[in-house]
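Visitor: return a 3D structure for these sequence lines:
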Amino acid sequence: MGAITLKAVEKWYGNVQVIKGVDLQINDGEFVVFVGPSGCGKSTLLRMIGGLEDISRGSLDIDGRDVTAEPPSKRGLAMVFQSYALYPHMTVRENVGFSLKTSGAPKDEIARKVDHAAEVLKLGPYLDRRPKDLSGGQRQRVAIGRCIVRDPTAFLFDEPLSNLDAALRVEMRYEIAKLHQSLKSTMIYVTHDQVEAMTLADRIVVLEFGKIAQVGTPRELYERPANLFVAQFIGSPKMNILPCETGQGSYALQGGRGGAFAGDRAAQHIGIRPEHIEVVAQGQGQCDGVIDVIEYLGADSFLVIDCGPLGKITQRSFGDVTHREGDTVGLKFDPDRLSFFDGDGLRV
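Guide: Numbering: from 1, shown residues only. Model prediction:
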């Protein structure tokens, strides 16, 4: 079991509050990712769960047991840090089994658990090597193996891939996803990389200045962001946000045209993802603009279009692009993919 419940959790450093009343239920076996910009409190919140930071107010339950005041050793959790923190003079086998050895586990149990972790993480050929003889991805797998042998209630990952190059990040992202499928353990993962969040998570917790901005599946956050912050943080490139006016069942763009609006209150901003915009002839669609930059990415291209008072709009085109920089075009928005936000930035 690995259900974790945070109830009105706060963290204060003197007079500065960095975690501001977080309520969160993490279910047994769930993969939850904390994501947000630097300084939003995601690592601090993870360390509070792990017991490395005290909880100033509120409570933390693990499987229904209040562990708020208990030390890390009593919580049954295992943490993988950004740095591998491996013992350089020990072999992979000794590093993975070190925590069991210090706890006085029998040698045959240590050997069995180390071999199991090595099989899960494909570390068998490297068990007699030392960390200096391993790649970055292999070292990170050793750090994860050190946690697996403890059979923890939940795994805590604090930006574990940030020290790896782009290719290794992709490889290790796959390895962690497969690890979750095989172990079916609760995992809490901290990252600033929204691609990692979108590809790994069962649910994403988006943090903003110590508060939860939204919790949901990757699809929910991408398609129905609760506010402007989530709309522009989730997605690459980010959602286009444009000023608008609404009334009498329609919306109008500043310096452009408009369409139907069925919101329950007035909206001041409209959001549209780059892939939900179609390039059409000038005078058609919701607005016109001049193609400023074309970013070619192979399978698709991003067109950055200067739309005057609306600012620059990013459009995603799949396949070959026939337009050129400097062309004047119209932009047609998919009416079923629009998001509207009020003056406070909340979804209408």
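
Visitor: now do the helices in the stretch 51-200 of the chain.
Guide: 92-102, 107-121, 136-148, 166-183, 194-200 (DSSP state H, counting those that start in this stretch).

Visitor: and among those helices, the most buried is which?
Guide: Ranked by mean neighbour count, these are led by helix 136-148 with a mean of 22 (mean count of other CB atoms under 10 Å). The way it works is simple: take the backbone N, C-alpha and C, and place the C-beta from them, glycine included.

Visitor: need the contact partners of that helix.
Guide: 78-81, 84-86, 92, 95-96, 98-99, 113-114, 116-118, 120-123, 126, 131, 134, 155, 160-161, 163-165, 168, 171-172, 175-176, 179, 183 (CB atoms under 8 Å, 6 or more residues apart in numbering).

Visitor: and what of stretch 312-325?
Guide: Residues outside stretch 312-325 that contact it (CB under 8 Å, 6+ apart) are 237, 240, 242, 273-275, 277, 279, 287, 289, 291-294, 296, 299-307, 329, 331.

Visitor: which of those residues are buried?
Guide: Using 16 or more other CB atoms under 10 Å as the burial test, those include 240, 242, 273-275, 277, 279, 287, 289, 291, 294, 301-305, 307, 329, 331 as buried.

Visitor: tell me who's in contact with the residue nearest the centre of the chain.
Guide: Taking CA atoms, centre = their mean, the centroid of the chain lies closest to residue 197, which sits 2.7 Å from it. Contacts for residue 197 (CB under 8 Å, 6+ apart) come out as 33, 35, 189, 191, 204, 218, 234.

Visitor: could I get the pLDDT score of it?
Guide: We have a pLDDT of 93 for residue 197.

Visitor: look up how far residue 190 lies from it.
Guide: 10 Å (CB to CB, to the nearest Å).

Visitor: common neighbours of those two, please.
Guide: 33, 35.

Visitor: outline the domain layout of this structure.
Guide: If you go by automatic domain parsing, the domain ranges for the chain are 4-232, 240-341.

Visitor: distance to residue 348 added to these, as JSON lines?
Guide: Compiled in JSON lines, the domains of the chain are given as follows (distance: least, CB to CB, whole Å):
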{"stretch": "domain 4-232", "distance to residue 348": "11"}
{"stretch": "domain 240-341", "distance to residue 348": "4"}
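
Visitor: quick one: the closest residue to residue 4 other than its chain neighbours from residue 294, how far?
Guide: The shortest distance from residue 4 to any non-neighbouring residue, by CB to CB, 6 or more residues apart in numbering, is to residue 26 (4.3 Å). Residue 26 is 43 Å from residue 294, where distance means CB to CB.

Visitor: kindly report the same for residue 59.
Guide: Remark: distance between residue 59 and residue 294 (CB to CB) = 53 Å.

Visitor: so residue 25 touches residue 5, yeah?
Guide: Yes: applying CB atoms under 8 Å as the test, residue 25 and residue 5 come out as touching, 5.4 Å apart.

Visitor: and the two? Which one has more around it.
Guide: residue 5 (17 against 14; other CB atoms under 10 Å).

Visitor: please report phi then psi for residue 283.
Guide: phi 90, psi -10 (degrees, to the nearest 10).

Visitor: the residue lying closest to it once chain neighbours are set aside: neighbouring residues, count only.
Guide: Once flanking residues are discounted, residue 283 sits nearest to residue 330: 6.0 Å by CB to CB, 6+ apart. The tally of other residues near residue 330 (other CB under 10 Å) stands at 19.

Visitor: that's a strand at residue 330, yeah?
Guide: Yes: in this structure, residue 330 lies within a strand as judged by DSSP: H, G, I helix; E, B strand; the rest coil.

Visitor: quick check: bridge partners of it?
Guide: Beta-bridge pairing of residue 330 under DSSP bridges involves residue 280, residue 288.

Visitor: pLDDT score for residue 1?
Guide: Listed pLDDT for residue 1 reads 66.

Visitor: with the one 3 residues further on instead?
Guide: Listed pLDDT for residue 4 reads 96.

Visitor: ok, the one 4 residues further on next?
Guide: Reported pLDDT at residue 8 in the predicted model: 97.

Visitor: swap in residue 213?
Guide: 96.

Visitor: find the nearest non-adjacent residue to it, please.
Guide: residue 206 (4.5 Å).

Visitor: surely residue 335 and residue 259 touch.
Guide: Yes: in terms of CB under 8 Å, residue 335 counts as a neighbour of residue 259; the distance is 5.8 Å.

Visitor: the two - which one has more neighbours?
Guide: The residue with more neighbours, out of residue 335 and residue 259, is residue 259; 16 against 12, by other CB under 10 Å.

Visitor: what helix or strand is that one located in?
Guide: Residue 259 belongs to strand 258-260 when assigned by DSSP states H and E.

Visitor: which neighbouring elements make contact with that strand?
Guide: If contacts are counted by 3 or more CB pairs under 8 Å, 6 or more residues apart in numbering; DSSP states H and E, strand 258-260 sits against strand 250-253.

Visitor: perfect, I'm done here.
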